[in-house]
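Asks: Predicted model, plus sequence, below.
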Amino acid sequence: MTAPVLPRSVGTPHTRLEAREKVMGRARYAYEHHVEGMAYCQPVQATVASGDVRGVDAAPALARDGVLAVVWAENAPALADAGDAELALFQSRAVGYRGQIVAAVIADSLEGAREAAGLVRVDYDERPHDVILRPDHPELYTPEKVNPSFPSETGAGDPDAAHAAAAVSIDATYTTPAFHNNPMEPHATVAVWEHGGLTLYDSTQGASAVARTVAKLFELEPAQVRVISPHVGGGFGSKGLPRPNVVLAAIAATVAGRPVKVATTRQQMFAYVGYRTPTIQRLRLSADADGRLQSLSHEASEQTSRLREFAEQTAICSRWMYAAPNRRTAHRLVALDVPTPSWLRAPGECPGMYGLESGMDELAHEAGIDPVELRIINEPEVHPESGERFSSRNLVACLREGAERFGWERRGEPGARRDGRWLHGMGVASSTYPAYQMPSRAAVRTRRDGGYVVRIAAADIGTGARTVLAQIAADALEVPIEQVAIKVGDSGFPQASVAGGSSGTASWGTAVVLACRALREQLAEHSGAVPEDGLEATADTSEFLKSREQLARYAFGAQFADVRVDAHTGEVRVSRMLGVFAAGRIVNPRLARSQLIGGMTMGISMALHEESVMDPRFGDFVNKDLAQYHVAACADIESIEAHWLDETDDELNPMGSKGIGEIGIVGTAAAVANAVFNATGQRVRDLPIRLDRLVR
Ligand code: MOS
């Protein structure tokens with residue numbers, strides 16, 4: 001008997017399985033889950049950046065109709081320690097930053113809760129605050145590790161001596177401001193005590209992790225907390241860890257004895273859900289007359305809060321991008337009276353590659369070498385620091401194909417192409433992102449109708465994860481995708497890793513493949529009718545991951561920007577953006593393109609628009625809404641193209657996939673900044689490239 005020929009699902013541009021549900025408005029997001037007897041909770045935020053809460057006068061709020069309770073440090077339930085002071089709500093009177101949650105009102109209605117929150121009077125013993133990152137800050141220190149667990153410093157040879165002796169060199173400092181994630185759906189939670197435990201409808205990138213952390217905080221068994229999040233309106237990393245909103249909802253439901261909803265407002269998104277630290281990066285690069293790097297030194301200074309250390313891994317990209325005999329990467333951190341920074345799309349690589357790739361452009365200019373060629377000249381054979389073999393590395397092919405597609409040969413000398421008031425220029429930057437893979441589990445069960453159900457606590461945050469996993473399962477089971485149902489977004493399903501680090505498809509897909517293979521084996525061995533409730537197989541990828549050879553696994557890309565700059569006003573427009581990526585096998589070209597152009601759009605936004613401005617007097621960000629925090633709009637994006645190479649890499653996972661969620665943003669800002677230099681002859685080393693920085 002020959003097996004029927006089935007369509008291969010992986011590699012086809014399947015539309016999102018939940019697309020219809022979403023456009024019909026039927027896909028329910030966290031806040032839209034409704035339970036009888038709902039109450040609403042509104043936080044009260046600190047109005048000082050440092051100090052202690054002396055007292056809270058709740059009387060005016062409690063006098064309002066419909067107000068059920070006012071919670072603060074004196075009357076809140078005690079929580080266990082879960083290792084993140086941002087989640088220890090009301091456990092102390094100390095204020096770590098302006099905007100921190102210091103009290104909360106629970107009421108019958110959302111409007112009532114918001115109004116009453118405005119009536120809660122909080123008195124403080126205020127302390128002076130310190131909120132500005134400076135390169136000479138006396139409290140800068142070297143953290144032990146950078147996110148998540150890389151060494152802070154690495155080095156080889158003598159970069160300073162090599163720099164001093166080299167034929168060409170640059171020594172430049174670049175800065176990036178604080179950036180806020182701003183997914184479309186702000187963080188929200190509905191908390192319900194039921195069935196002897198806690199159910200949380202939460203907007204999260206990782207249901208399993210939220211359940212684990214909340215169980216710890218409330219001293220419950222892990223199985224007593226169920227986190228449900230079938231649809232999530234983006235996160236960009238801000239929902240990668242449990243945030244205060246989920247803890248607040250659980251506390252409020254405990255205090256009120258009713259189900260409670262917590263919605264984070266857009267303004268509150270600028271306070272307690274995380275953001276990208278500002279960075280100050282000093283790049284010292286040197287090369288011989290042929291452009292071969294002699295030294296590469298990348299030192300980053302950044303901030304954390306007084307509540308928790310988050311050390312972004314800004315300089316680690318410089319450890320694997322280019323060959324150079326003498327090298328240094330280092331991170332320094334200062335704890336300020338600010339919210340704790342956290343993950344934002346490609347934490348580390350994104351700001352770090354802005355620094356490194358700007359430096360490479362400056363070096364190319366100094367050396368009189370084409371910037372594409374300079375990168376090719378410095379392509380390493382193996383990982384330049386660990387000596388590990390790359391499972392695959394196609395940066396050079398991306399650069400060459402990108403240059404060809406983009407028309408790079410038409411690029412001129414800096415400031416040489418002018419058309420009326422517009423100065424035109426082109427820039428290039430490399431991109432990279434690690435091919436991470438984390439342990440995950442999955443289960444697959446036969447259905448009575450001949451189909452299959454796959455369950456995994458993965459998160460679809462708008463990326464299309466659900467669809468991609470269905471494609472992977474269909475191929476592993478050798479059935480058409482129509483016979484596969486995928487259930488994600490529930491901590492009651494087999495435990496899965498977070499939707500972060502561009503690792504979802506690789507991590508969850510492997511678990512799904514292993515579970516499907518196990519089920520097929522079971523079916524092959526099974527004789528007689530399948531039992532009423534079906535057959536089920538589960539898988540855990542921990543052993544698979546341990547068994548893999550230790551290799552350097554990274555995705556690469558090359559990004560090109562064509563900009564025009566108004567010579568009178570300094571207005572920068574990105575006329576064209578083009579990226580070519582090598583990210584293993586692309587599981588779904590339609591969804592991949594969406595991820596890549598989304599990343600590039602966000603990178604253009606970072607280069608030209610986004611900036612969270614800290615007011616040193618109040619110690620808080622001042623532009624706390626989307627009118628004042630500018631995110632690229634459709635009108636800012638003209639032509640944008642994403643391409644990829646057919647990269648085969650058999651040393652990753654059963655799909656041969658790397659990851660595509662973050663690599664799109666990584667090289668973009670440098671490509672734009674380098675194009676602005678080529679257009680104007682002016683180098684702006686501080687993002688965003690504002691008019692006032694360009695017109696000097
Ligand atoms: Mo992403 S910042 O790894 O969620």
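Replies: Structure's in. What do you need?
Asks: ok, so what distance separates the residue of the chain found nearest the ligand from Ile665?
Replies: Using Cβ to the nearest ligand atom, the closest approach of the chain to the ligand is made by Gly237 at 2.5 Å. In this view, the C-beta of every residue, glycine as well, is placed from N, C-alpha and C. Per Cβ to Cβ, to the nearest Å, Gly237 is found 11 Å from Ile665.
Asks: So between these two, which is more surrounded?
Replies: The residue with more neighbours, out of Gly237 and Ile665, is Ile665; 29 against 25, by other Cβ atoms under 10 Å.
Asks: State the helix or strand in which the more buried one lies.
Replies: Ile665 is part of helix 663-666, with elements assigned from DSSP states H and E.
Asks: Show me what secondary structure element comes after that helix.
Replies: Per DSSP H and E, the helix or strand that comes after helix 663-666 is helix 668-680.
Asks: which outside residues touch stretch 363-382?
Replies: With contacts defined as Cβ atoms under 8 Å, 6 or more residues apart in numbering, stretch 363-382 is touched by 167-170, 285-287, 289-293, 320, 322-324, 360-361, 388-390, 395-396, 399-400, 403, 408, 414, 427-428, 430, 552, 558, 674, 677.
Asks: meant to ask about stretch 117-129, not that
Replies: Contacts for stretch 117-129 (Cβ under 8 Å, 6+ apart): 42-44, 46-58, 60-61, 64, 70, 72, 95, 98, 102-105, 337, 619.
Asks: can you tell me the distance between the two ends of that stretch?
Replies: End-to-end span of stretch 117-129 (Cα to Cα, to the nearest Å): 25 Å.
Asks: Flag every buried residue along that stretch.
Replies: For stretch 117-129, a neighbour-count test (16 or more other Cβ atoms under 10 Å) marks Ala117, Leu119, Val120, Val122, Tyr124, His129 as buried.
Asks: now that stretch, how far from the centre of its chain.
Replies: The chain centroid and the centroid of stretch 117-129 are separated by 33 Å under Cα atoms, centre = their mean, to the nearest Å.
Asks: And stretch 623-639, by the same measure?
Replies: 19 Å.
Asks: I'd like the mean pLDDT over that stretch, please.
Replies: The pLDDT scores in stretch 623-639 average 97.
Asks: What's the end-to-end length of that stretch?
Replies: Stretch 623-639: ends 29 Å apart by Cα to Cα.
Asks: buried sites along that stretch?
Replies: By neighbour count on 16+ other Cβ under 10 Å, the buried set for stretch 623-639 is Asn623, Lys624, Tyr629, Ala632, Asp636.
Asks: Which ones among the contacts of stretch 363-382 lie within strands?
Replies: Among the contacts of stretch 363-382, DSSP state E puts Val168, Ser169, Ile170, Leu285, Ser286, Ala287, Leu293, Gly427, Val428, Ser430, Ala558 in strands.
Asks: Could you report the pLDDT at the third one?
Replies: If you check Ile170, the pLDDT there is 98.
Asks: Find the residue closest to it in space, skipping its chain neighbours.
Replies: Glu362 (4.5 Å; Cβ to Cβ, 6 or more residues apart in numbering).
Asks: Residue numbers of the stretch 501-650 of the chain in contact with the ligand?
Replies: For the stretch 501-650 of the chain, the residues in contact with the ligand (Cβ under 6 Å from any ligand atom) are Gly501.
Asks: And the strands in the stretch 501-650 of the chain, which stretches?
Replies: Residue ranges of the strands in the stretch 501-650 of the chain, as given by DSSP state E, counting those that start in this stretch, are 536-540, 554-566, 572-582, 614-615, 620-621, 639-644.
Asks: ranking these by burial, who's on top?
Replies: strand 554-566 (a mean of 28; mean count of other Cβ atoms under 10 Å).
Asks: and it, what does it pack onto?
Replies: Other helices and strands packing on strand 554-566, by 3 or more Cβ pairs under 8 Å, 6 or more residues apart in numbering; DSSP states H and E, are helix 395-406, strand 422-434, strand 572-582, helix 663-666, helix 668-680.
Asks: how about a markdown table for the ones you listed, with distance to His33 and mean pLDDT added?
Replies: Shown next, in a markdown table, are those (distance: least, Cβ to Cβ, whole Å; pLDDT from 0 to 100):
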| stretch | distance to His33 | mean pLDDT |
| --- | --- | --- |
| helix 395-406 | 43 | 98 |
| strand 422-434 | 34 | 98 |
| strand 572-582 | 37 | 98 |
| helix 663-666 | 31 | 98 |
| helix 668-680 | 36 | 98 |
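Asks: if we can go back for a sec, now list whatever residues contact both of Gly237 and Ile665.
Replies: Contact criterion Cβ under 8 Å, 6+ apart; residues shared by Gly237 and Ile665: Arg345.
Asks: just for the stretch 1-150 of the chain, where's the confidence low?
Replies: Applying pLDDT under 70 to the stretch 1-150 of the chain picks out residues 1-6.
Asks: what does this protein have sitting close to the ligand?
Replies: Contact residues, the chain versus the ligand (Cβ under 6 Å from any ligand atom): Gln205, Gly235, Phe236, Gly237, Gly240, Trp343, Leu344, Arg345, Pro347, Gly500, Gly501.
Asks: wait, what's in contact with the residue nearest the centre of the chain?
Replies: By Cα atoms, centre = their mean, the mean C-alpha position of the chain lies nearest to Arg345, the distance being 2.7 Å. Residues in contact with Arg345 (Cβ under 8 Å, 6+ apart) are Asn181, Phe236, Gly237, Gly599, Met602, Gly661, Glu662, Ile665.
Asks: Repeat that for Arg447.
Replies: Here Arg447 is in contact with Val453, Ala485, Gly534 (Cβ under 8 Å, 6+ apart).
Asks: could you redo the last one with a cut-off of 10 Å?
Replies: By Cβ atoms under 10 Å, 6 or more residues apart in numbering, Arg447 lies in contact with Val453, Gln483, Val484, Ala485, Val530, Gly534.
Asks: Give me the secondary structure label for the fourth one.
Replies: It stands for Ala485. Secondary structure assignment for Ala485 (DSSP: H, G, I helix; E, B strand; the rest coil): strand.
Asks: How about the first one?
Replies: Using three-state DSSP, the structure places Val453 in strand.
Asks: Test my guess that it contacts Gly534.
Replies: Yes: look at Val453 against Gly534 with Cβ atoms under 10 Å: they come within range, at 8.3 Å.
Asks: I'd like the buried residues of stretch 117-129 laid out as CSV, including secondary structure and distance to Pro439.
Replies: CSV is the format used below for the buried residues of stretch 117-129 (DSSP: H, G, I helix; E, B strand; the rest coil; distance: Cβ to Cβ, whole Å):
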residue, secondary structure, distance to Pro439
Ala117, helix, 41
Leu119, coil, 48
Val120, coil, 44
Val122, strand, 43
Tyr124, strand, 44
His129, coil, 41
